[in-house]
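*Asks:* pasting the structure only:
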């Protein structure tokens, strides 16, 4: 049986040298300390595709590892990269792994490879193009903006506020600029309130002004009557009494 399966990736032991009490024997006490077990099922994967978030992958991986109880032992993630990374990213890892021993070292090398200036420029363009009117709701707009902010990793709170407001329609910008913008959280809440208010007003108008079905004037029914002699059965131009007028 292969003991190097994903479920046993961290079954290795690390050597830790500790001095004996008072070093009475002049030696060291060497103990085997097991590294924390890693469960790969709960960890995100990354293949290097253009649609994948790079910085968010690192953040999600760290969060999942801490949730598993690794605490500060994130170096235990490094041996697991052969299973976590896929496709092109795995090929990169197989070439680079001999030089990488710690999680901090891995992050540095990963960011150098996958957070290039060209990639970050594309994220910046996506951020500038994103606007509220092309999103299904205010919540989805804000979530998308925040994801792009995290991926760039360089925006200040003031820059995030300006970007959020700039992506709103002019009618929102007018209201937001006339009030104290406050914190980023305040701006996000205000945008959601304006969206909800607009949707409620739209629904109210639709209830008050239902689609009107056009009505047509009905033609009179009954016997044909001459408007000259007032007798039935013929038109005025055919009236036999017309010579009398």
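*Replies:* Looks like it arrived, so ask away. The model shown is predicted, which means the values in this text are computed figures rather than measured ones.
*Asks:* so what secondary structure elements neighbour the lengthiest helix in the chain?
*Replies:* If you go by DSSP state H, the chain has its longest helix at helix 184-208. For helix 184-208, the elements it packs on are helix 138-152, helix 157-166, helix 170-177, judged by 3 or more C-beta pairs under 8 Å, 6 or more residues apart in numbering; DSSP states H and E. (C-beta placed from N, C-alpha, C; glycine too.)
*Asks:* just the ones you listed: most buried one?
*Replies:* Ranked by mean neighbour count, those are led by helix 138-152 with a mean of 18 (mean count of other C-beta atoms under 10 Å).
*Asks:* that one - contacts with which helices or strands?
*Replies:* helix 54-67, helix 117-129, helix 157-166, helix 184-208.
*Asks:* can I get the ones you listed in TSV including mean pLDDT?
*Replies:* Below are the helices and strands packed on helix 138-152 laid out as TSV (pLDDT from 0 to 100):
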stretch	mean pLDDT
helix 54-67	90
helix 117-129	93
helix 157-166	93
helix 184-208	90
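*Asks:* tabulate these (JSON lines), appending distance to residue 92.
*Replies:* Shown next, in JSON lines, are these (distance: least, C-beta to C-beta, whole Å):
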{"stretch": "helix 54-67", "distance to residue 92": "12"}
{"stretch": "helix 117-129", "distance to residue 92": "14"}
{"stretch": "helix 157-166", "distance to residue 92": "31"}
{"stretch": "helix 184-208", "distance to residue 92": "35"}
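*Asks:* mind listing what residue 120 touches?
*Replies:* Counting by C-beta atoms under 8 Å, 6 or more residues apart in numbering, residue 120 touches residue 152.
*Asks:* picking up where we left off before, as CSV, the helices and strands packed on helix 184-208 with distance to residue 112 would be great.
*Replies:* Converted to CSV, those look like this (distance: least, C-beta to C-beta, whole Å):
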stretch, distance to residue 112
helix 138-152, 16
helix 157-166, 24
helix 170-177, 39
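*Asks:* which one of those lies nearest to residue 208?
*Replies:* helix 170-177 (21.1 Å; C-beta to C-beta).
*Asks:* mind giving me the packing neighbours of that closest one?
*Replies:* helix 157-166, helix 184-208.
*Asks:* just say which of the ones you listed is most tucked in.
*Replies:* helix 157-166 (a mean of 16).
*Asks:* can you tell me how far the residue nearest to the spatial centre of the chain sits from residue 129?
*Replies:* The centroid of the chain falls nearest to residue 144 when counting by C-alpha atoms, centre = their mean (3.9 Å). Separation of residue 144 from residue 129 (C-beta to C-beta, to the nearest Å): 11 Å.
*Asks:* same deal with residue 63?
*Replies:* 29 Å.
*Asks:* do the same with residue 135
*Replies:* 12 Å.
*Asks:* for the chain, what helix or strand is lowest in average pLDDT?
*Replies:* Lowest on mean pLDDT, DSSP states H and E among the helices and strands of the chain sits strand 13-19, with a mean of 35.
*Asks:* count the neighbours of residue 54 for me.
*Replies:* By the criterion of other C-beta atoms under 10 Å, residue 54 has 21 neighbours.
*Asks:* quick one: it and residue 153 touch, right?
*Replies:* No: counting by C-beta atoms under 8 Å, residue 54 sits too far from residue 153 to count as a contact (9.8 Å).
*Asks:* what's the pLDDT at the residue nearest to residue 165 when sequence neighbours are not counted?
*Replies:* Nearest non-adjacent residue to residue 165, counting by C-beta to C-beta, 6 or more residues apart in numbering: residue 176, 5.2 Å away. On pLDDT, residue 176 comes in at 86.
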